[in-house]
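Trainee: Okay, sequence plus prediction incoming.
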Amino acid sequence: MLTYIVRRLIVAVLILLGASFLVYILTAVSGDPLADLRESNAPNRDQLIAFRTDLLDLDIPPVLRYFAWLGGAAGCLVPFAGTCDLGNAINGAEVTQLLERAMGQTILLVTAATILAILIGITLGIITALRQYSGLDYGVTFMAFLFFSLPVFWVAVLLKEFGAIGFNDFLREPNISLLALVICGLLMAALAYTVATGPLKRRLLVAGVAFVVVAALLWLLDTIGWFLTPGLGPIVLAIAGVAVAFGVTLLTAGLKNRKALHSALIVVAIGMIAYFAVQPLLDRATLLMIVILGVATVLIGVAVGYFMGGYDRRQNMSAAGLTAFIMGFLILLDRFMQSWPDYFNNGRIRGRPIATIGSATPNLDGDFWIRGLDTYTHLLLPTIALMLISLAGYSRYSRASMLEIMNQDYIRTARAKGLGERTVVMRHAFRNALIPLATLVAFDIGGLIGGAIITEQVFAFSGMGQLFVQALRVVDLNPVMGVFLVTGILALVFNLVADLVYSVLDPRVRVKA
């Protein structure tokens, strides 16, 4: 394994050197970085040209300049040494500082969208594969192709119009009309009818219950003014926690494994006690504190599963640990909701919380929760835009992969041995269905760090994509090479990660020198 990794890294370095040389030379000869100054009528034009020429070493041939740049870039391989030098941009700023700011914006923008697209897309693909040619399959297929074909800038504009401007107008005087209640209820009824299985009478009953529940819930939320003072509260948390415990146990161990179910329910009880105990602590929350509490929450869940014993402690630990993670997330979400009125009435927000541009509200004062809400409201629309476009591909790939796996001989053998359908799907089919997706996920994660150029432009995010396009437009060579270096390294690294994941998902795959 180690020999294989070292060999791949050496090959990756050679590929990166060759590609960087080509990109550097092609960019250098593609235009004149002094063009704007040559056309200028400024009296100090000659001095400005001389200064930029000296700053960017434009009097040196591009080939020699490449090796000078490569020497500075090599210093980036030594961590914490402070020797990384990727040169300067045309405006005199250091490229390393430009990359640091741009990467922060891009990672902030694409992380949530990528994770959600992967999780939701793969889940939808597997579910539709298990229910091939059903109404759900046709519906998800239609929506996947629809989202995949939509231009991202058009989706972004629609989200701005209805998700930001329209919703902000609604929050001025939240009032859900009878027509809106009926429409929302019918939409949920149609979704429930599509998802439900069994005879027609049962599906109509499920659709009717969904209509009544959604319409009644929206009426209740409107009546109590929940949209202005949202929150979950202990009752909703308890109900949601029990539902999560049953759902997680069903997926990870099966409801017949009572030890796993009891472990998950014990974690819910501990979470409800913790909900009241940690409220004073959360008033002084910091990011580090939240991370520590999150890790401790999962560890407590895993410990509960372990000490419950039984014939399969691993299933107990999985069910309890995942339930603990979700309970912690719900408690965190409730605390953010408690801070919503303060954020909504902040003088910098002015009652319009859903933002359409930028990554933060300028000069906003507030604690951890206010700043967190500000970040989330700025990321909400671009995250949805990127997620809708991306999850279509994941759902199609995962569906095709799952259909192929479910027709394999070893799946029929597992069923013939008397294994339950959950065991067949989750332990045998699901893991092998992920193998083709490993390459897709790895390349997408590596590529997205290069920036979502159109989305960044629409939502005014100064990320890697915008840095690359703006630098390329004025033949600003050093920022172009900085972005290329980061994205090239990530692409090669994630390619290696994909190969290593193969050996984890499929024991038949072995990486050798």
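Mentor: Now that the structure is in, tell me what you want to look at. Numbers count the residues shown, from 1 in each chain.
Trainee: which residues sit in contact with Trp69?
Mentor: Counting by C-beta atoms under 8 Å, 6 or more residues apart in numbering, Trp69 makes contact with 24, 86-87, 478, 481. To be clear about C-beta, it is placed using only N, CA and C from the backbone, and glycine gets the same treatment.
Trainee: what about 6 Å?
Mentor: By C-beta atoms under 6 Å, 6 or more residues apart in numbering, the contact set of Trp69 is empty.
Trainee: what's the answer for the one 3 residues further on, then?
Mentor: Applying C-beta under 6 Å, 6+ apart, one finds that Gly72 lies in contact with Asp85.
Trainee: For the stretch 351-500 of the chain, give me the ranges with low pLDDT.
Mentor: 446-451 (pLDDT under 70).
Trainee: in it, which spans are helices?
Mentor: 368-406, 409-416, 421-423, 430-448, 453-458, 464-473, 477-505 (DSSP state H, counting those that start in this stretch).
Trainee: got it, and the stretch 101-250 of the chain?
Mentor: Counting by DSSP H, counting those that start in this stretch, the helices of the stretch 101-250 of the chain are 135-149, 152-158, 167-172, 178-195, 200-223, 233-252.
Trainee: how about those helices, which one is nearest Leu467?
Mentor: Minimum separation from Leu467 across the helices of the stretch 101-250 of the chain (C-beta to C-beta) falls at helix 152-158, 18.8 Å.
Trainee: how far out from the middle of the chain is that closest one?
Mentor: Relative to the centre of its chain, helix 152-158 is centred 19 Å away, using C-alpha atoms, centre = their mean, to the nearest Å.
Trainee: now stretch 286-299
Mentor: Taking mean C-alpha positions (C-alpha atoms, centre = their mean), stretch 286-299 and its chain are 20 Å apart.
Trainee: same deal with stretch 201-215?
Mentor: 32 Å.
Trainee: With stretch 232-250 instead?
Mentor: Centroid separation between stretch 232-250 and its chain, computed with C-alpha atoms, centre = their mean, is 24 Å.
Trainee: cool, and stretch 260-271?
Mentor: That offset, for stretch 260-271, works out to 28 Å (C-alpha atoms, centre = their mean).
Trainee: who are the neighbours in contact with the spatially most central residue of the chain?
Mentor: The residue lying closest to the centre of the chain (C-alpha atoms, centre = their mean) is Ala112, at 2.4 Å. By C-beta under 6 Å, 6+ apart, Ala112 lies in contact with Thr383.
Trainee: do the same with His428
Mentor: Contacts of His428 (C-beta under 6 Å, 6+ apart): Ala414.
Trainee: Confirm Asn41 sits in a strand?
Mentor: No: counting by DSSP: H, G, I helix; E, B strand; the rest coil, Asn41 is located in no strand; its state is coil.
Trainee: okay, now it: neighbour count?
Mentor: By the criterion of other C-beta atoms under 10 Å, Asn41 has 5 neighbours.
Trainee: With the one 10 residues further on instead?
Mentor: Other residues near Phe51 come to 13 when the count uses other C-beta under 10 Å.
Trainee: and it, which of the three is it?
Mentor: Relying on three-state DSSP, one would call Phe51 helix.
Trainee: Residue ranges in the protein under the pLDDT threshold?
Mentor: 1, 78-82, 446-451, 506-513.
Trainee: quick one: what helix or strand has the spatially closest residue to Ile60 that is not a sequence neighbour in it?
Mentor: Leaving aside its sequence neighbours, Ile60 sits nearest to Ala68 (C-beta to C-beta, 6 or more residues apart in numbering; 7.3 Å). Element membership for Ala68 (DSSP states H and E) is helix 62-74.
Trainee: Just the buried positions in that helix, please.
Mentor: 62, 65-66, 69, 72-73 (16 or more other C-beta atoms under 10 Å).
Trainee: Let me know the angle separating it from helix 477-505.
Mentor: Calculated by axes from the mean of the first three to the mean of the last three C-alpha atoms, to 10 degrees, helix 62-74 forms an angle of 50 degrees with helix 477-505.
Trainee: Render the CA-only coordinates of helix 62-74 in PDB, please.
Mentor: The C-alpha trace of helix 62-74 is given here as PDB (Å, rounded to 0.1, in the frame of the first residue of the first chain):
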ATOM      1  CA  PRO A  62       8.200  33.200 -20.100                       C
ATOM      2  CA  VAL A  63      10.200  30.000 -19.900                       C
ATOM      3  CA  LEU A  64      12.700  31.400 -17.500                       C
ATOM      4  CA  ARG A  65       9.900  33.100 -15.500                       C
ATOM      5  CA  TYR A  66       8.200  29.700 -15.100                       C
ATOM      6  CA  PHE A  67      11.200  28.200 -13.400                       C
ATOM      7  CA  ALA A  68      11.500  31.300 -11.100                       C
ATOM      8  CA  TRP A  69       7.800  30.800 -10.300                       C
ATOM      9  CA  LEU A  70       8.300  27.100  -9.700                       C
ATOM     10  CA  GLY A  71      11.100  27.800  -7.200                       C
ATOM     11  CA  GLY A  72       8.700  30.000  -5.200                       C
ATOM     12  CA  ALA A  73       5.900  27.400  -5.500                       C
ATOM     13  CA  ALA A  74       8.200  24.600  -4.200                       C
END
